[in-house]
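Asker: Below is the structure, and that's it, no one-letter string:
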């Protein structure tokens, strides 16, 4: 179960990134061109937040079945001094949770704004902050700190 869940979590990150990039493209282009906030824009806002929430659920599930986290929780004094263990036990988990909260707040605020410009601007700002947090906390294959492959096989 762990390896399947890990592969699914790894795969879903690409949907999160793609949906965020697409939502940001729509938000910035709508904001700068003063376009009407359409049903499609609202759907993009909604589905971006939903995909992020699905990833959060997968991540939380993975957190509770991961042998890395099990080690981190049972041997905290030693584990906190090991870069890779600490990254997944604390840093990645906390930063991703913060990113999803930021995206959720941005989605909810954008939904409640009155004008199209305010909706686009709110989406653009909050989703950009969420994306930057996510990008800084993904264990990229090129990262000298903690790296993982871009795609994990099932």
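Answerer: Received it, and whenever you're ready, just let me know what you need. Please read these numbers as outputs of a predicted model, since none were measured by experiment.

Asker: and the helix ranked longest in the chain, how far from the chain's centre?
Answerer: The helix spanning the most residues in the chain, taking DSSP state H as the definition, is helix 2-33. Once both centres are worked out by C-alpha atoms, centre = their mean, to the nearest Å, helix 2-33 turns out to sit 8 Å from its chain's centre.

Asker: Ok, stretch 91-99 next?
Answerer: So, by C-alpha atoms, centre = their mean, the centroid of stretch 91-99 is 8 Å from its chain's centroid.

Asker: Enumerate the positions of that stretch that are buried.
Answerer: Buried residues in stretch 91-99, counting neighbours by 16 or more other C-beta atoms under 10 Å, are found at 91-93, 95-97, 99. C-betas here are computed from N, CA, C, even on glycine.

Asker: ditto for stretch 106-125
Answerer: For stretch 106-125, burial by neighbour count (16+ other C-beta under 10 Å) applies to 106-107, 110, 116, 119-125.

Asker: Tell me the buried residues in the longest helix of the chain?
Answerer: Buried, per 16+ other C-beta under 10 Å, within helix 2-33: 6, 8-10, 12-13, 16-17, 19-20, 23-24, 26-28, 30-31.

Asker: same thing with stretch 45-54?
Answerer: 45, 48-49, 51-52.

Asker: what does that stretch contact?
Answerer: Contacts made with stretch 45-54 from outside it, assessed by C-beta atoms under 8 Å, 6 or more residues apart in numbering, are listed as 12, 15-16, 19-20, 22-23, 99-100, 103-104, 107, 110-111, 119, 123, 127, 130.

Asker: Could you pull up phi and psi at residue 150?
Answerer: Here the main-chain torsion angles of residue 150 (degrees, to the nearest 10) amount to phi -70, psi -40.
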